[in-house]
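Student: Any chance you can model this:
(chains A, B and C)
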Amino acid sequence: MAPSGVTSPIVETHGLTKRYGGLDVVRAVSLALPAGSRTALVGANGAGKTTLLAMLCTLIAPTEGDATIAGHALRARPAALRRAIGVLAHQPMLYEEMTPLENLRFFARLYGVTDAEPRIEELLRAVGVWTRRHEPVSVLSRGYHQRLALARALVHRPAVLLADEPETGLDPEGVEMLDELALRAPGLTVIAATHRVDRIGAWATGLVRLEHGRAVEDTASVAGART
Amino acid sequence: MNAGLAVVAKDLRLAWRDRAGWASAGAFATIAVLTYSFAFDLATGDIRPLLPGVLWTTFLFASIFAGGQSFARESEEGTFDALLLAPVPATVIYLGKATANVIAMLVIEFAQLLLATILFDTNLLSPELLVIVFIGTVGAVALTTLLSTMSASMRGRAMLLPVMALPLLIPLLIGAVRATGASLDLESGTAPWTLLLGVFALWSALLSVLLFPMAVER
Amino acid sequence: MIVSTLRAIYGWRWSVLPPVAGVAVMAMVLGALLVAPREVVEGDVQRLLYIHFSSILAAYGAFAIVFLASVVVLWRRDLRWDAVARGAATVGVLFTGLTLATGAIWGKPIWGVYWTWDARLTSTLILFLIYAAYLLARSMADELDEQAARFAAVFAIIGALDIPLIMMSVRWWRTLHPQPIVLRGAERPALPPEMLIVMIVAFIGVGALAVWLGVLRTETEWLAKRTAALRAAADRREGA
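Tutor: Residues are numbered from 1 along each chain as shown, chains lettered A, B, ... in the order given. You can find the predicted model right below:
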């Protein structure tokens, strides 16, 4: 149920398209997601969810169209946009030979987090990795990787979290933690691609369905603000 | 700036943690020098003219081999994407990796120079020679780091990397071998080899720094 | 304007280019064998000059196109230019190989050896290796892999910019080492008129042949990409 307020959207896309050769993987997707909204991105495998998220992260350049996140345009100011987003991808994106503490310290420095140490401790405790913070990531199990990846994604307090199937590899306790820290966290705007359709009711405020690259259903965008 | 130092520190730490990989490169270099000794019977006869060539071919192969595997981990773990996602300019990412690679290669090369000094009774640790090795290493590593970044996601990259890197590095090889020979009083002729080497190193570093962001932008 | 010229040339690939290339190459062969006089010192093997020299010029032209197309690939992200670069690189490698081969055949009776490490030969060999490596790198990647195309474009640009350094360093390297055999240059100070005519015909013939092959190869590369895209689209529709 999209909120009916007149808040300007924090994530806006206009005709976002990605074409490889003659193949349109994402086709003219236009969204307008308000701040604080939590959008579930659903669709079959190959529908374009991952590519759409990758474009929003600035990892892939769009063939056509543009997007704005927290006021920063994708094409014009990608670096500023990156500060405002946290990314939880298929891979945890962690350095295996470094410890959780070293990993988070590195990412905190990269993002210029000023209160790094307290923030890192807060996050590591919240994801349940604090007791194992001095062990190299390679000895931790997959579930811990995902938890640590969440900490990495949130360490710099992003305005928007982009997640690709974040429930993967998490036990029920981990899923609860995911909800608490991310999917239902106050003040955080979330776009999460997910196959766990059963859980959407628990956290999402809106839904966007992709089919063959097109957005065929959209209950997340603010009506009237879409172009 | 702080972010830049963080990247360099991270790469140095990873190089240290992953020292098994670099140790393999060092072992490869040692085996190569020893293999040349047997193949060319370097212990007898006048071997000194062959030494610069032996050393530099070994250094180049080791740098290609080591550079390739050091980048492969970042690509496999997906952490390269994490770096691209950070509000850090791509150039900084490149400089971090290149700096760590140069330092690691210098360590390996120093060990080889020490070994060769002992085996072949020739002083290879003179300041002049060390400067030549430094310049040559910077020039070679700048390109091999760029190429290994690019080929990290390709199949068959292990064979592809030397095939792509070596033709590009020929001016460096020619210059470095002759400059090394000149410092050992082996060369006649008056071409300014060290100048060629320096020019190539500068060209290679500048071009790599300029092209890296374009290469990784998707 | 450039793009419309290129489009025109592409349009000629089955109409104008084949007859021009065919006729001119035949004229070159006949001219080289019958019209051009027998060279006094080197004999009949010197008749290879026409194809040898035209081939290397065609190759240089092709490599220049690889460089320019690669720059456009990075700038515009348009994979059609990647197809152009691959087509041109194939032609360049082919004609460089032809140059080296005709040079070796020519060299044996004249110099006594098939190969000598003189500056020009060595630089040409390195050129061959660089663009062969480019083609190898491209062939090992997926057709639709935009990233691989960008990487190859960067490699092609580095390679092209390296060429002056390579030629300079190789020349310094070889001039300080006396040649075992005294070489005579491949050019004469002045060609007699019959030879000049055959040479010009050879430029036209080999040039047209190179352009034609390049265009065909570019088309093949582009069709391969289209096919891969269609196949991927079909897979997705089948719910893969």
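
Student: and A:Ser38, bridged to which residues?
Tutor: No Ser there; residue A:38 is Arg. A:Val190 (DSSP bridges).

Student: tell me the contacts of it?
Tutor: A:Leu183, A:Arg184, A:Thr189, A:Val190, A:Ala192, A:Trp203, A:Ala204, A:Thr205, A:Gly206 (C-beta atoms under 8 Å, 6 or more residues apart in numbering or on different chains). (Glycine included, C-beta is placed from N, CA and C.)

Student: How about the secondary structure of C:Gln46?
Tutor: Recorded secondary structure, C:Gln46: helix (DSSP: H, G, I helix; E, B strand; the rest coil).

Student: Residues of chain A that sit close to chain B?
Tutor: Within reach of chain B by C-beta under 8 Å from any C-beta of the partner chain, chain A has these residues: A:57-61, A:79-80, A:82-83, A:85, A:87, A:89-98, A:102, A:106-107, A:109-112, A:136, A:152.

Student: now, which of the contacts of A:Arg38 sits nearest chain C?
Tutor: Closest approach between those and chain C, by C-beta to the nearest C-beta: A:Ala192, at 22.3 Å.

Student: you'd agree that closest one is up against A:Ser37?
Tutor: No. Judged on C-beta atoms under 8 Å, A:Ala192 makes no contact with A:Ser37 at a distance of 11.4 Å.

Student: hmm, back to that, cross the residues of chain A next to chain B against helices and list the overlap.
Tutor: Using DSSP state H, the members of the residues of chain A next to chain B that fall in helices are A:Ala79, A:Ala80, A:Arg82, A:Arg83, A:Glu102, A:Phe106, A:Phe107, A:Arg109, A:Leu110, A:Arg152.

Student: Farthest pair within those residues?
Tutor: A:Ala80 and A:Glu102 (27.1 Å; C-beta to C-beta).

Student: Neighbour count for the two, which is higher?
Tutor: A:Glu102 (18 against 14; other C-beta atoms under 10 Å in any protein chain shown).

Student: Report the contact partners of that one.
Tutor: Contact analysis of A:Glu102 by C-beta under 8 Å, 6+ apart lists A:Tyr95, B:Arg13.

Student: how close does it get to chain C?
Tutor: Remark: distance between A:Glu102 and chain C (C-beta to the nearest C-beta, to the nearest Å) = 29 Å.

Student: what's the answer for A:Tyr144, then?
Tutor: Distance from A:Tyr144 to chain C, by C-beta to the nearest C-beta: 31 Å.

Student: For that residue, which non-adjacent residue is spatially closest?
Tutor: Distances taken as C-beta to C-beta, 6 or more residues apart in numbering or on different chains put A:Val129 closest to A:Tyr144, at 6.0 Å, once the chain neighbours are dropped.

Student: residues contacting that neighbour?
Tutor: Taking C-beta under 8 Å, 6+ apart, one finds A:Pro100, A:Leu140, A:Tyr144, A:Arg147, A:Leu148, A:Ala151 in contact with A:Val129.

Student: Closest to chain C out of those?
Tutor: Among the contacts of A:Val129, and counting by C-beta to the nearest C-beta, the member closest to chain C is A:Leu148, at 27.4 Å.

Student: What pLDDT is listed against that closest one?
Tutor: According to the prediction, A:Leu148 has pLDDT 93.

Student: same deal with the one 5 residues further on?
Tutor: For A:Ala153, the pLDDT comes out at 93.

Student: What is the neighbour count of residue 93?
Tutor: By default, I'm working from chain A. Considering only other C-beta under 10 Å, A:Met93 is surrounded by 23 other residues.

Student: sorry, should have said chain C
Tutor: C:Val93: 23 neighbours (other C-beta under 10 Å).

Student: again with B:Trp16
Tutor: Neighbour count of B:Trp16, defined by other C-beta under 10 Å: 12.

Student: any idea which element it lies in?
Tutor: Assigning secondary structure by DSSP states H and E places B:Trp16 in helix B:2-17.

Student: circling back to that earlier point, helices - which of the contacts of A:Val129 land there?
Tutor: Going by DSSP H, the helices hold A:Pro100, A:Tyr144, A:Arg147, A:Leu148, A:Ala151 from the contacts of A:Val129.

Student: What residues does the last one make contact with?
Tutor: By C-beta under 8 Å, 6+ apart, the residues touching A:Ala151 are A:Pro100, A:Leu104, A:Ile120, A:Leu123, A:Leu124, A:Ala126, A:Val127, A:Val129.

Student: right, and B:Thr194 touches B:Ala179 too?
Tutor: Yes. Shown here, B:Thr194 and B:Ala179 form a contact pair, counting by C-beta under 8 Å, at 4.6 Å.

Student: Can you work out which residues contact both of the two?
Tutor: Taking C-beta under 8 Å, 6+ apart as the contact rule, B:Thr194 and B:Ala179 both touch B:Ile132.

Student: burial count for A:Ala89?
Tutor: Look at A:Ala89: counted by other C-beta under 10 Å, it has 22 neighbours.

Student: Next, the contact list for it, please.
Tutor: A:Ala89 sits in contact with A:Leu53, A:Ala149, A:Asp164, B:Gly78, B:Asp81, where contact means C-beta under 8 Å, 6+ apart.

Student: Leaving out sequence neighbours, find the closest residue to C:Ala153.
Tutor: C:Ala153's closest residue in space is C:Ser70 (C-beta to C-beta, 6+ apart), at 3.8 Å.

Student: A:Val137 contacts A:Leu101, doesn't it?
Tutor: No. Assessed by C-beta under 8 Å, A:Val137 is found out of contact with A:Leu101, at 10.3 Å.

Student: higher neighbour count, the two?
Tutor: Using other C-beta under 10 Å, the more surrounded residue of A:Val137 and A:Leu101 is A:Val137, with 22 against 18.

Student: Now do the same contact list for that one.
Tutor: Each residue near A:Val137 by C-beta under 8 Å, 6+ apart is listed here: A:Leu94, A:Tyr95, A:Glu96, A:Glu97, A:Met98, A:Thr99, A:Pro100, A:Asn103, A:His145, A:Leu148.

Student: Now the helix holding B:Trp16 - C-alpha only, PDB.
Tutor: C-alpha atoms of helix B:2-17 as PDB (Å, rounded to 0.1, in the frame of the first residue of the first chain):
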ATOM      1  CA  ASN B   2      42.600   8.500   4.200                       C
ATOM      2  CA  ALA B   3      40.700   6.100   2.000                       C
ATOM      3  CA  GLY B   4      43.700   5.900  -0.300                       C
ATOM      4  CA  LEU B   5      46.000   5.000   2.500                       C
ATOM      5  CA  ALA B   6      43.400   2.500   3.700                       C
ATOM      6  CA  VAL B   7      43.500   0.800   0.300                       C
ATOM      7  CA  VAL B   8      47.300   0.600   0.200                       C
ATOM      8  CA  ALA B   9      47.400  -0.700   3.700                       C
ATOM      9  CA  LYS B  10      44.800  -3.300   2.900                       C
ATOM     10  CA  ASP B  11      46.700  -4.500  -0.100                       C
ATOM     11  CA  LEU B  12      49.900  -4.700   1.900                       C
ATOM     12  CA  ARG B  13      48.200  -6.600   4.600                       C
ATOM     13  CA  LEU B  14      46.600  -9.000   2.100                       C
ATOM     14  CA  ALA B  15      49.900  -9.500   0.400                       C
ATOM     15  CA  TRP B  16      51.400 -10.400   3.700                       C
ATOM     16  CA  ARG B  17      48.500 -12.700   4.700                       C
END
